[in-house]
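**Q** compute the structure for the input listed below.
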Amino acid sequence: MITRRMILSAIALTALVGTVRAGPVTTFTNLDAFLEAAGDVHEIDFETLPDGSPSYSGAMITPEFNYTDQGVEFFSHAPDLYITGNAISGFDLYAGPEGSVGPRNWIIAEPVEPLAAVGAVFPGTATFWVFDTSGAAFRRVWGGGGEFFLGFIADEPITRITIDGGDESQSIGSFYLNPIPEPTTIILLTVVAGCVLVRRRATSRRRGV
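**A** The predicted structure is shown next:
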């Protein structure tokens, strides 16, 4: 059954794709404002592991055991990338040495599909970089001083993110993403919306409206 929501979704998605690559990047430091503006955002809070089981401190995140099914894969400059925290205070994604000082480190996020919006909550200091389809960084923003949020909504596809605090470790408390809809999805929803409008017009004519 075709609903009004599906029609509105088709129109909204068509409008989104039509503005990709055209306009600026908007930076957010307030999570609520970001969520209100970014649309259908998916959150990865690291309270569960990639397979859906409860997180625990020390669980390793590897290329083979990653959050691919949730739309993004995480890597680190150094090999160590794992979950830290506990069930009471919450869990973070952590890149850095365990128990000793190591080289400077940062977290890399590679979305499965290009993103229209991305953001993260950090329990410390970080510089948030976003990269375009050519691999060039097109915006960065810095934040610090306790837990804080940084996010972007871009009219150019975001294909890579790095989070770098300039230290031997880096953490993410939550990660938010909104992929750009696939062209086939846009076309399908647009066709559905068109068919509904044609059917309504035909019904109106038969009724003499």
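**Q** any idea how far the longest strand along the chain is from the middle of the chain?
**A** Criterion DSSP state E: the longest strand present in the chain is strand 148-158. On the basis of C-alpha atoms, centre = their mean, to the nearest Å, strand 148-158 sits 8 Å off its chain's mean C-alpha point.
**Q** and stretch 110-130, by the same measure?
**A** Its chain's average C-alpha position is 7 Å from that of stretch 110-130, according to C-alpha atoms, centre = their mean.
**Q** likewise stretch 33-51?
**A** Using C-alpha atoms, centre = their mean, the offset of stretch 33-51 from its chain centre is 7 Å.
**Q** next: stretch 66-82.
**A** 13 Å.
**Q** quick revisit: for the following helix or strand past the longest strand of the chain, packing partners?
**A** Note on strand 148-158: by DSSP states H and E, the next helix or strand toward the C-terminus is strand 160-164. Counting contacts by 3 or more C-beta pairs under 8 Å, 6 or more residues apart in numbering; DSSP states H and E, strand 160-164 packs against strand 107-111, strand 115-122, strand 126-131, strand 170-172. Yep, even glycine has a C-beta here, placed from its N, CA and C like the rest.
**Q** if we go to 10 Å?
**A** strand 72-76, strand 90-95, strand 107-111, strand 115-122, strand 126-131, strand 137-143, strand 170-172, strand 174-179 (3 or more C-beta pairs under 10 Å, 6 or more residues apart in numbering; DSSP states H and E).
**Q** can you tell me which of the ones you listed comes nearest to Thr162?
**A** Counting by C-beta to C-beta, Thr162 lies closest to strand 126-131 out of these; the figure is 4.5 Å.
**Q** direction included, what does that closest one pair against?
**A** strand 137-143 (antiparallel), strand 160-164 (antiparallel) (DSSP bridges).
**Q** give me the mean pLDDT for it.
**A** Regarding strand 126-131, the rounded mean pLDDT is 90.
**Q** quick one: buried residues of it?
**A** For strand 126-131, a neighbour-count test (16 or more other C-beta atoms under 10 Å) marks Ala126, Thr127, Phe128, Trp129, Val130, Phe131 as buried.
**Q** so for the last one, what's the nearest residue that isn't a sequence neighbour?
**A** Counting by C-beta to C-beta, 6 or more residues apart in numbering, Phe131 lies nearest to Arg160, which is 3.9 Å off, once chain neighbours are set aside.
**Q** contacting residues for that neighbour?
**A** 108-111, 114-115, 129-133, 135-137 (C-beta atoms under 10 Å, 6 or more residues apart in numbering).
**Q** list the buried residues for stretch 135-153?
**A** So stretch 135-153, judged by 16+ other C-beta under 10 Å, has buried residues Arg139, Val141, Gly143, Phe148, Phe149, Leu150, Gly151, Phe152, Ile153.
**Q** from Leu49, how far off is Gly151?
**A** According to C-beta to C-beta, to the nearest Å, Gly151 and Leu49 sit 24 Å apart.
**Q** and what of Asp92?
**A** Per C-beta to C-beta, Asp92 is found 13 Å from Leu49.
**Q** and for these two, which residues touch both?
**A** Counting by C-beta under 10 Å, 6+ apart, the residues touching both Asp92 and Leu49 are Ser55, Ile83.
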